[in-house]
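Novice: quick one: sequence plus predicted model below, questions after.
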Amino acid sequence: MDSFDSYLLRKLYQKTTKHGDRLAEIEPLIDWTAFTPIIQPMYSNQGPCGGRPNMDPVLMVKLLVLQAWYGLSDPELERQVNNRISFRHFLGYPEKAPDYSTVWQFRERLAETGRDRLVWEELQRQLDEKGLKVRKGVAPGCVFHHQ
């Protein structure tokens, strides 16, 4: 169920994207659920004893993708997610976006388990399959184009 805030953000997004939104173009081209089986084994609280709920794996991967494509530090990623309507839209309007330390801890855990390589390989595989290439350093942010 959408919150009232989410509803308002969606309405604002519709008004602000008259000239397009590159992230909105690429988002449906990626099978984001393909990252869940890569990330899920990192968590040890899946058994009957449970534990603190994990962050949504798809949301966390999308945050890392935004960070990489736009060259953002952890604190800047947190600021941009809270300021940019296109980022919120790309992330699916989460009720609460993770803070920069949560992103850092997630990225560190990915690296420690070697799953960071698997995430980036899967993303690259999907981009290659669609004939898409990401060009960084092109203002504003990045540009996606067919090879």
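Specialist: Cool, got the structure.
Novice: for the chain, what helix or strand is lowest in average pLDDT?
Specialist: When the helices and strands of the chain are scored by mean pLDDT, DSSP states H and E, strand 143-146 comes last with a mean of 54.
Novice: chain center to the longest helix along the chain: distance?
Specialist: Scanning the chain for the helix with the most residues, using DSSP state H, yields helix 115-130. In terms of CA atoms, centre = their mean, to the nearest Å, the centre of helix 115-130 is set 14 Å apart from its chain centre.
Novice: low-confidence ranges, this protein, go.
Specialist: Residue ranges of the chain with pLDDT under 70: 1-2, 4-6, 9-10, 12-13, 15-19, 44-54, 135-147.
Novice: give the buried residues for stretch 117-124.
Specialist: By 16 or more other CB atoms under 10 Å, the buried positions in stretch 117-124 come out as Val119, Glu122, Leu123. (C-beta placed from N, C-alpha, C; glycine too.)
Novice: turn those into CSV, including distance to Gln67.
Specialist: Output for these, formatted as CSV (distance: CB to CB, whole Å):
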residue, distance to Gln67
Val119, 12
Glu122, 17
Leu123, 13
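Novice: what's the first helix or strand after the helix or strand hosting Leu66?
Specialist: Per DSSP states H and E: Leu66 is located in helix 57-70. Per DSSP H and E, the first helix or strand lying C-terminal to helix 57-70 is helix 74-83.
Novice: from Ser86, how far off is Asp116?
Specialist: Plainly put, Asp116 is 25 Å away from Ser86 if you go by CB to CB, to the nearest Å.
Novice: now for Ile38: which residues touch it?
Specialist: Neighbouring residues of Ile38 by CB atoms under 8 Å, 6 or more residues apart in numbering: Pro57, Arg115, Leu118, Val119, Glu122.
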